[in-house]
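**Q** Sharing a model that was predicted from the sequence below.
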Protein chains: 2
Amino acid sequence: MTRVVIIGGGAAGASAAARARRLDPNAEITMVEAGSMITHAPCGIPYAVGGVVSDYRNLMTYTPEEFEKERNVKVLVNTKAVDVDPDKRVVVISRGNSTEKLRWDKLIVATGAKPLVPKIPGVDLSGILTVRLPDDVPVLKSELESATTVGIVGGGYIGVEMAEALLHLGKKAILFEMMDRLLPAALDADMATILADEMRKKGVELHLGEKVVEFRGSGGKISAVVTEKGEYKVDKVIMAVGVKPDVDLALKAGAKLGETGAVAVNEYMETSATDVYAAGDVAEKVHRLTGRKVWIPLAPSANKEGQVAGGNAVKGRTLKFPGVVGTAVTKFFDLYIARTGLSEEEAQRLGIKYEKAVIRARTKAQYYPGYAPVHVKMLADSSGRILGVQVLGWDHIVAAYADIAAVAIERGMTIEDLFFADIGYMPATAPVWHPLIVAARVLSKGRL
Amino acid sequence: MTRVVIIGGGAAGASAAARARRLDPNAEITMVEAGSMITHAPCGIPYAVGGVVSDYRNLMTYTPEEFEKERNVKVLVNTKAVDVDPDKRVVVISRGNSTEKLRWDKLIVATGAKPLVPKIPGVDLSGILTVRLPDDVPVLKSELESATTVGIVGGGYIGVEMAEALLHLGKKAILFEMMDRLLPAALDADMATILADEMRKKGVELHLGEKVVEFRGSGGKISAVVTEKGEYKVDKVIMAVGVKPDVDLALKAGAKLGETGAVAVNEYMETSATDVYAAGDVAEKVHRLTGRKVWIPLAPSANKEGQVAGGNAVKGRTLKFPGVVGTAVTKFFDLYIARTGLSEEEAQRLGIKYEKAVIRARTKAQYYPGYAPVHVKMLADSSGRILGVQVLGWDHIVAAYADIAAVAIERGMTIEDLFFADIGYMPATAPVWHPLIVAARVLSKGRL
């Protein structure tokens, strides 16, 4: 009987547990979760804080009790894994005041990512908040309740989504981003500016290219954000400068880190340590377009990596995780933002030569009411192979444009292949020349 | 200087004209159109009749004058091509009372499709209407104005869309379909029933598996539809039993028909007649999954076929049209219906062995407000290769599910490939396990 211990009850951990159980009805499977919730959805936090989702406990697919019962997996919540001994094959866990040892034959590390907190003077003041787990929602809500003005440090996904949440709550939001644009890891400057315009229009005060150098307080509480350019009075701060893989336990288990700083894994989700797997945000991924290691911590791949790790842990090398192409989606109110593949900046950094096209189109036939504008940027290499797509549009359907492009990129499609792809049409769902096809045509520079 | 004559000013014809002009600034290009509009969008007719689109003249991207000016193409509207002499290379055209001969070096036949009118007793009664061109909209609107009860004969795309239009106009709609289900060429019975339920819920009286055998009239005007099962009083009838390729002029030009009854073309859109091309609904297409000839007359491929024909007509074999995979989209009010690849019935007819999965999912995260139910059916062959997808859901984003699947099918993806595809996620645009990925997983029967 295989003893499987899984550290982490989020997307990757729970998927691993479910898959291991499915493939091995006899395994003894224990899932250890530091917080109170499992199968939780951190992506929903901004909506629970902003009130779009009324109860943060809904950001959980299963309660621990349900999961235990339905999956026959032992679930230990509010339980911290504090140490791993790879030789004796034990995990030391701590619950309340007691510690305990769990023996494992297979260990799956699914500890996720944690917020980066930069070493800025004043960063320890109270009222500087981070966003990590649904458990944080009540804290965030109560901290923000009395605030009038909230600073957001960081213009990535969490920063943008929390800005929307703050506006829903009627707060004044001031967002600081060190780089010259929003979503710098996702979008190029020309596309990010569309989002910046929208955020400003809705009332967010944006400070781009403005580095935060200090937090000032009074009575131990945050009162101002200081940048290279000025000082801004705030009541609270949301720290959203980024996340890093939570690798401590993986290191203790003997797993090596990869070049990205996340846990190195092969396509079976095996780490360098025998019988130790890693999955989800803690693990490195392969970028399928470039073949390079990347660290892109997102829920869909976490789920699949967990599934691969869980199955392989109990049955050997049954499934491979092929990697990602960098698909990601967010929104700011009704403006949906999606991207896949490489941005210009990424292509440049990798020394890949590219051509680009940027178009503006509509989401429906020009005569059909309710169409929304959509901006599409497409990159292709010198052979015509599609490298990346960035989309911004005022209709949630544009998120799916990135999905179409992601599949196209995974399958090595050229702009000609995409131009001739049999993408559907009816006046209420797309223009007859789909915006992706228009972008491919423009990118062909007259060849199509 | 090449003289290009294009018969038909719809999607294929206008695309051909624009492309020919772009590649050859010196060609003498003439486009002949029987109706008054060019670059027209027949797909918009139901919405113009129902009032969703307020002015049917908007179902036209360019006026003839604009097209002449912007594309430098001679446009002859209200002009019928009545004969073609392939030896002398002339098209005989008729405008008003005069006929004229146009000489061509390259002829592009883009005559489209026309409604099938079955030989049923009484079919010539007045008040039996067909739907073909935007020009028909004022006629349809004025004919329908006084009607209380309207029969629709045929439950294909046009029948379903006209049923919506009739409800918008406050009419009682009675729809007759000979087959046992709606959209029989697109959907299997299990999926079509979802649409039937929705149509009944909105008040359409459906008679499925009920063949119309006679139209009865009084004073030369339609008054009742008679089926094998009963007689139904109606004030008007919309005849929507299907369409057929309008091949008369292609035949006169010496082009041979293919096995489907549409004009046979190769990948360059060349017909069997020298220097005669065909494009759009008049032409046969290749199904990229099966390699077989099909006749699926839809606007997106018509546009691309026109582009290929126009370019090749002036520059030789510059571009190939690779065919279609049968992607199609429609809607009934807020229920969106999309499909691609093969249905069960098609797979059976071709003797292709398949497995299937039918799932019900949601269009957003389960905790995010405003999600809609979506039904997905997926077929794969014994090697796991995806054969077809049918989707019905109460959100227009589901139309894009078929696009993702279409690209997957074109690229030979298996259910495992789709499961691991890097499809994007955020709570407002998709569940973390995308419905297509869930369908792939269910279809894997435990392997994923």
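**A** Received it, and whenever you're ready, just let me know what you need.

**Q** Report pLDDT for A:V247.
**A** Here, the pLDDT recorded for A:V247 equals 98.

**Q** Could you do the one 5 residues further on as well?
**A** The predicted local distance difference test score for A:K252 is 98.

**Q** Number of residues surrounding it?
**A** A:K252 is flanked by 18 other residues according to other Cβ atoms under 10 Å in any protein chain shown. Glycine gets a C-beta too; all of them are placed from N, C-alpha and C.

**Q** how about A:I415, what does it touch?
**A** Contacts were defined as Cβ atoms under 8 Å, 6 or more residues apart in numbering or on different chains; by that measure A:I415 touches A:378, A:380, A:384, A:386, A:440-441, A:443-444, A:448.

**Q** So which of those are in strands?
**A** Using DSSP state E, the members of these that fall within strands are A:378, A:380, A:386.

**Q** contacting residues around A:G44?
**A** If you count contacts by Cβ under 8 Å, 6+ apart, then A:G44 has A:53, A:56, A:58-59, A:134, B:365, B:367-368, B:427 around it.

**Q** Nearest to A:E344, out of those residues: which one, please.
**A** Of all the contacts of A:G44, the one sitting nearest A:E344 is B:P427; the distance, using Cβ to Cβ, is 28.4 Å.

**Q** In three-state terms, label the residue lying closest to that closest one once chain neighbours are set aside for me.
**A** What sits nearest to B:P427 in space, not counting adjacent residues and going by Cβ to Cβ, 6 or more residues apart in numbering or on different chains, is B:A365, at 3.6 Å. With DSSP: H, G, I helix; E, B strand; the rest coil as the basis, B:A365 sits in coil.

**Q** And the helices in chain A?
**A** With DSSP state H as the definition, chain A shows helices at residue ranges A:11-23, A:45-50, A:64-71, A:136-145, A:157-168, A:189-202, A:248-252, A:299-315, A:344-349, A:398-410, A:415-419, A:435-443.

**Q** Make CSV from the ones you listed and add distance to B:D124 to it.
**A** As requested, these are exported to CSV (distance: least, Cβ to Cβ, whole Å):
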stretch, distance to B:D124
helix A:11-23, 64
helix A:45-50, 60
helix A:64-71, 65
helix A:136-145, 69
helix A:157-168, 61
helix A:189-202, 57
helix A:248-252, 79
helix A:299-315, 58
helix A:344-349, 63
helix A:398-410, 46
helix A:415-419, 45
helix A:435-443, 42
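
**Q** which stretch among these comes nearest B:T414?
**A** With Cβ to Cβ as the criterion, B:T414 lies closest to helix A:398-410 of these, at 12.4 Å.

**Q** which other helices and strands contact the closest one?
**A** Helices and strands in packing contact with helix A:398-410 are listed as strand A:328-332, strand A:335-341, strand A:373-380, strand A:386-393, helix A:415-419, helix A:435-443, helix B:398-410; criterion 3 or more Cβ pairs under 8 Å, 6 or more residues apart in numbering or on different chains; DSSP states H and E.

**Q** could you give the angle of that helix to helix B:435-443?
**A** Using axes from the mean of the first three to the mean of the last three Cα atoms, to 10 degrees, the direction of helix A:398-410 lies 60 degrees away from that of helix B:435-443.

**Q** Pull out the buried positions in helix A:398-410.
**A** In terms of neighbour count (16 or more other Cβ atoms under 10 Å in any protein chain shown), helix A:398-410 has its buried residues at A:398-410.

**Q** hang on, the earlier thing: return only those of the ones in strands among the contacts of A:I415 found close to chain B.
**A** When the ones in strands among the contacts of A:I415 are filtered against chain B using Cβ under 8 Å from any Cβ of the partner chain, no residues are retained.

**Q** Out of these, the closest to chain B would be?
**A** For the ones in strands among the contacts of A:I415, the minimum distance to chain B (Cβ to the nearest Cβ) is 11.1 Å, reached by A:I386.

**Q** Quick check, that closest one in contact with A:I409.
**A** Yes: counting by Cβ atoms under 8 Å, A:I386 sits close enough to A:I409 to count as a contact (5.4 Å).

**Q** ok, whatever residue of chain A ends up closest to chain B - contacts?
**A** When Cβ to the nearest Cβ is the measure, chain A has its nearest residue to chain B at A:A400, with 3.3 Å between them. The contact partners of A:A400, taken as Cβ under 8 Å, 6+ apart, are A:338, B:397, B:400-401, B:403-404, B:429.

**Q** rerun at 10 Å
**A** Neighbouring residues of A:A400 by Cβ atoms under 10 Å, 6 or more residues apart in numbering or on different chains: A:329, A:336, A:338, A:391, A:406, B:396-401, B:403-404, B:423-424, B:429-430, B:434.

**Q** again, but for A:A347
**A** Contacts for A:A347 (Cβ under 10 Å, 6+ apart) come out as A:188, A:289-290, A:341, A:353-354, A:356, A:379, A:381, A:387-388.

**Q** Check these for burial and list the buried ones.
**A** By neighbour count, with 16+ other Cβ under 10 Å, these hold A:188, A:289-290, A:341, A:354, A:356, A:379, A:381, A:387-388 as buried.

**Q** Which residues are in contact with the closest residue to A:L102 other than its chain neighbours?
**A** Taking Cβ to Cβ, 6+ apart, and ignoring the residues beside it in sequence, A:L102 has A:V91 as its nearest neighbour in space, at 4.7 Å. For A:V91, the contact set (Cβ under 10 Å, 6+ apart) comprises A:5-7, A:30, A:32, A:81-85, A:100-104, A:107, A:109, A:249, A:252-253.

**Q** quick revisit: nearest to A:V325, out of the helices of chain A?
**A** Ranking these by proximity to A:V325 (Cβ to Cβ) places helix A:398-410 first, at 5.0 Å.

**Q** Within range of chain B, give me the residues from the stretch 201-350 of chain A.
**A** Contacts of the stretch 201-350 of chain A with chain B, taken as Cβ under 10 Å from any Cβ of the partner chain, map to A:285, A:287-289, A:296, A:298-304, A:307-308, A:311, A:318-331, A:334, A:336-341.
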